[in-house]
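>>> Generate a structure from the sequence data that follows.
(one chain, ligands or ions: 1)
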Amino acid sequence: MSSEQILPSVGVLGLGMMGASLAAALTQRGYHVYGYDTHQASLLEAEQIGLIASPLSPNATELVSGDVFIIAIPVLAVANYSALIHQLLQRGVIVTDICSTKGYLATLFAGSPGSENLVLGHPIAGSERSGVVNANASLFEEQSVILTPLEDTTAAALTVVRKLWHQIGAKTAVMTVAEHDQILAATSHLPHFLAFSLVDTLAGDAQNRKIFQYAAGGFRDFTRIAASDSRMWHDIAQTNQAALLQALDGAIEGFSALRAMIAEGDSNKLMGVLTRSKVARDHFGAVLQQRSYRQYKVDSMDFIAKAGGRVVGDIRVPGDKSMSHRSIMLGALADGVTHVSGFLEGEDALATLQAFRDMGVVIEGPERGEVVIHGVGIDGLAPPPSALYVGNSGTTIRLLSGLLSGQQFSTEMSGDSSLAKRPMRRVTVPLAEMGAAISTAEDGTPPVRIAQAEKGLQGIHYELPIASAQVKSALLLAGLYAKGTTTVIEPAPTRDHTERMLRGFGYPVETNGDTISLVGGGRLTACDIDVPADISSSAFFLVAAAITPGSDLWLRHVGVNPTRIGVINILRAMGANISIKNERNVGGEPVADLHIQYAPLKGIDIPEDQVPLAIDEFPVLFVAAACAEGKTVLTGAEELRVKESDRIQVMADGLQALGVNAVATPDGMIIHGGAIGGGEVVSHDDHRIAMAFSVASLRANDDIVIRDCENVATSFPNFVELCASVGKTIEIEKHG
Ligand code: S3P
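As a prediction, this is how the structure comes out:
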């Protein structure tokens with residue numbers, strides 16, 4: 001590299017589509033690029049259209065120590081240039097490549113003099129088109145490049161190659177040669193050879209030729225890559241033989257199994273393959289990143305809740321989260337097929353659904369709230385292939401802790417950064433008393449690990465130290481697998497969906513005042529479940545209407561189970577004008593339409609017996625209190641400190657930032673109603689905090705910017721759209 005140059009010179013060996021694209025991208029970024037190709041016409045063309053500055057001489061004498069030489073020819077042809085490459089390495093030229101297999105090149109050059117300057121690499125980008133004419137300078141933008149340095153490759157050489165890729169917009173990752181060849185065999189080489197083989201088989205049969213004439217999207221999509229460069233793929237098969245054979249064997253095994261399912265007309269198994277692969281395909285980005293389904297698409301999202309707005313309309317909010325979780329769990333354990341409608345397609349309930357798919361349950365959908373669960377019976381779950389990832393969902397991890405304690409296999413559950421901080425001992429301690437082999441991280445937080453209970457589970461008589469439906473439900477679900485009776489005593493009533501739904505599945509559960517019990521060893525029978533709209537999601541609209549002059553809103557088909565209506569009771573006590581209409585019973589759960597019109601609110605002391613009945617609604621009830629005349633006092637709600645965020649502190653901080661007189665206390669809050677200003681608040685990845693401050697903006701005198709709102713999708717995926725439909729504007733700003 002000459003001293004006045006900042007960028008190294010680059011020589012590209014091979015001006016096929018890939019090499020030419022790379023040359024074009026580097027030339028565009030100001031690199032001096034030399035090119036070489038045995039095919040004279042390609043070389044001339046590349047020079048003429050300015051992809052390269054000039055041809056590279058036979059001994060590449062233009063390149064000096066610190067410059068870069070890129071091998072872009074089919075991998076087996078590299079042996080023809082090994083003398084030149086050895087020479088370059090010894091001269092201090094950094095040699096890299098873009099070949100699809102790495103093991104072969106590593107064997108050619110590893111340990112030879114100068115091999116510390118060798119940085120093998122592979123861009124995960126390409127096209128089935130070949131030649132200089134198809135060069136595309138933006139081919140590598142946003143694409144990943146895998147670099148596989150050898151043991152003696154220097155850090156300096158690696159840095160030069162990384163920088164070069166970053167300059168043309170690519171991202172780099174580092175792994176070993178063996179790891180690369182194994183991964184690529186499965187993700188790239190196998191699908192290519194399947195496509196080649198399929199087209200060859202079909203084209204070889206005269207009868208089948210017609211299919212090319214009528215080939216529709218499916219055939220075209222599946223076989224696009226069969227038009228790829230023959231020499232390159234020939235070389236890949238030869239240089240990554242072992243890993244490719246292993247991948248092919250796996251695929252052949254899969255085909256044989258699929259063939260048998262089709263031959264035997266085994267619709268359940270067939271549906272299993274189809275539903276599992278659909279979800280894996282739709283969400284593989286999320287699965288790969290171990291993040292919840294929708295969240296992975298945006299790194300972060302802010303809401304700009306515009307000041308003011310109206311609340312007028314007639315809406316139905318999405319399905320109840322608690323019931324959606326339970327419908328999957330009990331449907332999976334039942335004998336027969338359970339049909340669910342009104343299922344909440346939010347991240348949390350989807351995490352539960354995925355967990356059961358991972359344990360071998362065939363689940364169709366969700367498709368517009370419809371889910372079909374092919375129950376496997378109480379003892380039919382299969383061990384999942386790896387740890388269950390439950391995202392942000394406390395309900396999934398706690399209820400499954402109970403359910404999985406009774407299985408004949410081991411499992412582990414983990415979740416996102418918010419879930420990783422939440423207390424699990426409240427379930428693991430009583431479950432261990434039942435004989436479960438269950439453990440957590442040292443501080444009682446996830447991951448939760450469950451081994452098979454050596455002596456099985458034993459029924460328990462347990463007085464809950466806290467009013468928690470999740471703990472109660474975990475114990476009842478474990479109780480299904482326990483010998484004898486499991487009895488739970490509640491300090492205060494909590495949501496009773498588990499009990500009601502178990503009865504709906506034909507499983508006897510006895511409730512006697514504060515005491516709930518069931519006897520283990522029974523079976524569940526599939527049924528149909530109509531999940532009503534979630535009262536916790538409705539609460540945002542109830543408060544929105546309660547604080548906005550001129551509002552007039554209908555909320556349809558809302559679940560009004562008496563253990564959930566704390567929000568209605570509290571708002572009514574504050575003076576809200578809410579009527580409950582068309583009360584009916586749907587599948588064992590009370591449902592009604594709610595009508596609310598504006599009426600001025602006044603501050604109250606919230607009765608402590610209402611706390612468990614409105615446990616998820618306090619973020620938005622604090623907003624109602626901020627808009628009420630006088631003082632509102634909440635006590636007895638320390639549980640709020642261990643929800644998706646510390647909802648007492650986070651709400652007090654946010655309200656203060658908006659100029660509200662709100663003081664956090666250890667077990668609640670004191671709020672003096674008054675004016676709400678605009679400003680910036682942080683949701684701390686808590687969906688209900690984000691939505692509560694969105695509602696506050698109805699009465700704010702300026703816009704409220706709410707940071708980190710992507711988790712709204714955990715419970716209320718269409719919140720922003722429904723707000724817009726009643727006259728409340730929230731703008732979304734995405735980052736990353
Ligand atoms: C839930 C119970 C409540 C609630 C959570 C859902 C359930 O948690 O906050 O959103 O579905 O059982 P706790 O049982 O921890 O109070």
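
>>> Where is the longest helix in the chain?
helix 241-264 (DSSP state H).

>>> roughly how far is that one from the heart of the chain?
28 Å (C-alpha atoms, centre = their mean, to the nearest Å).

>>> domain ranges for this protein?
Per the record, the chain has its domains at 10-175, 184-265, 300-314+532-735, 340-530, by automatic domain parsing.

>>> can you redo those domains as a markdown table with distance to the ligand and mean pLDDT?
C-betas here are computed from N, CA, C, even on glycine. A markdown table is the format used below for the domains of the chain (distance: least, C-beta to the nearest ligand atom, whole Å; pLDDT from 0 to 100):
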| stretch | distance to the ligand | mean pLDDT |
| --- | --- | --- |
| domain 10-175 | 37 | 95 |
| domain 184-265 | 36 | 89 |
| domain 300-314+532-735 | 5 | 97 |
| domain 340-530 | 3 | 96 |
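
>>> will you turn those into JSON lines that also has mean neighbour count?
Listed next are the domains of the chain as JSON lines, based on neighbours: other C-beta atoms under 10 Å:
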{"stretch": "domain 10-175", "mean neighbour count": "19"}
{"stretch": "domain 184-265", "mean neighbour count": "14"}
{"stretch": "domain 300-314+532-735", "mean neighbour count": "21"}
{"stretch": "domain 340-530", "mean neighbour count": "20"}
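
>>> wait, which of those domains is closest to residue 327?
domain 340-530 (4.6 Å; C-beta to C-beta).

>>> mind checking the end-to-end distance for the closest one?
End-to-end distance for domain 340-530, by C-alpha to C-alpha, to the nearest Å: 6 Å.

>>> Next: stretch 543-552.
12 Å.

>>> what sits against residue 535?
By C-beta atoms under 8 Å, 6 or more residues apart in numbering, the contact set of residue 535 is 320, 558-561, 564-565, 567-568.

>>> How about it: what's its closest non-neighbour residue?
Leaving aside its sequence neighbours, residue 535 sits nearest to residue 564 (C-beta to C-beta, 6 or more residues apart in numbering; 5.0 Å).

>>> mind checking which helix or strand residue 12 is in?
Taking DSSP states H and E as the definition, residue 12 sits inside strand 10-13.

>>> Let me see the residues that make contact with that strand.
19, 22-23, 26, 31-37, 52, 56, 60, 62-63, 67-73, 81, 164.

>>> Just confirm residue 511 is within a helix.
No. Looking at residue 511 with DSSP: H, G, I helix; E, B strand; the rest coil, it is strand, so not inside a helix.

>>> So the closest residue to it other than its chain neighbours versus residue 508, what's the distance?
The spatially closest residue to residue 511, leaving aside those adjacent along the chain, is residue 499, at 6.0 Å (C-beta to C-beta, 6+ apart). Distance check for residue 499 against residue 508: by C-beta to C-beta, to the nearest Å, it reads 10 Å.

>>> quick one: stretch 403-418 to chain centroid distance?
Distance, stretch centre to chain centre, for stretch 403-418: 18 Å (C-alpha atoms, centre = their mean).

>>> just stretch 416-423 next, same as before
Offset of stretch 416-423 from its chain centre (C-alpha atoms, centre = their mean): 15 Å.

>>> can you check stretch 218-227 too?
29 Å.

>>> repeat for stretch 578-597
Remark: stretch 578-597 is offset 34 Å from the chain centroid, using C-alpha atoms, centre = their mean.

>>> which outside residues touch that stretch?
Contact with stretch 578-597 is made by 323, 497, 500-501, 503-504, 527-530, 532, 538, 542, 545-546, 551-562, 568, 571-572, 576-577, as judged by C-beta under 8 Å, 6+ apart.

>>> Give me the subset of those residues lying in strands.
Assignment to strands by DSSP state E places the following of those there: 528-530, 552-559, 577.

>>> hey, C-alpha coordinates of stretch 260-280 in PDB?
Output of stretch 260-280 as PDB, limited to C-alpha atoms (Å, rounded to 0.1, in the frame of the first residue of the first chain):
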ATOM      1  CA  ALA A 260     -45.500 -42.300   5.100                       C
ATOM      2  CA  MET A 261     -47.900 -39.700   6.500                       C
ATOM      3  CA  ILE A 262     -49.300 -39.100   3.100                       C
ATOM      4  CA  ALA A 263     -49.500 -42.800   2.200                       C
ATOM      5  CA  GLU A 264     -51.200 -43.600   5.500                       C
ATOM      6  CA  GLY A 265     -53.500 -40.500   5.400                       C
ATOM      7  CA  ASP A 266     -52.300 -39.500   8.800                       C
ATOM      8  CA  SER A 267     -53.800 -36.100   8.800                       C
ATOM      9  CA  ASN A 268     -52.700 -35.200  12.400                       C
ATOM     10  CA  LYS A 269     -49.000 -35.900  11.700                       C
ATOM     11  CA  LEU A 270     -49.300 -34.200   8.400                       C
ATOM     12  CA  MET A 271     -50.900 -31.100   9.900                       C
ATOM     13  CA  GLY A 272     -48.100 -31.100  12.500                       C
ATOM     14  CA  VAL A 273     -45.400 -30.800   9.700                       C
ATOM     15  CA  LEU A 274     -47.400 -28.100   7.900                       C
ATOM     16  CA  THR A 275     -48.200 -25.900  10.900                       C
ATOM     17  CA  ARG A 276     -44.800 -26.200  12.500                       C
ATOM     18  CA  SER A 277     -43.000 -25.400   9.300                       C
ATOM     19  CA  LYS A 278     -45.300 -22.500   8.500                       C
ATOM     20  CA  VAL A 279     -44.600 -20.800  11.900                       C
ATOM     21  CA  ALA A 280     -40.900 -21.500  11.600                       C
END
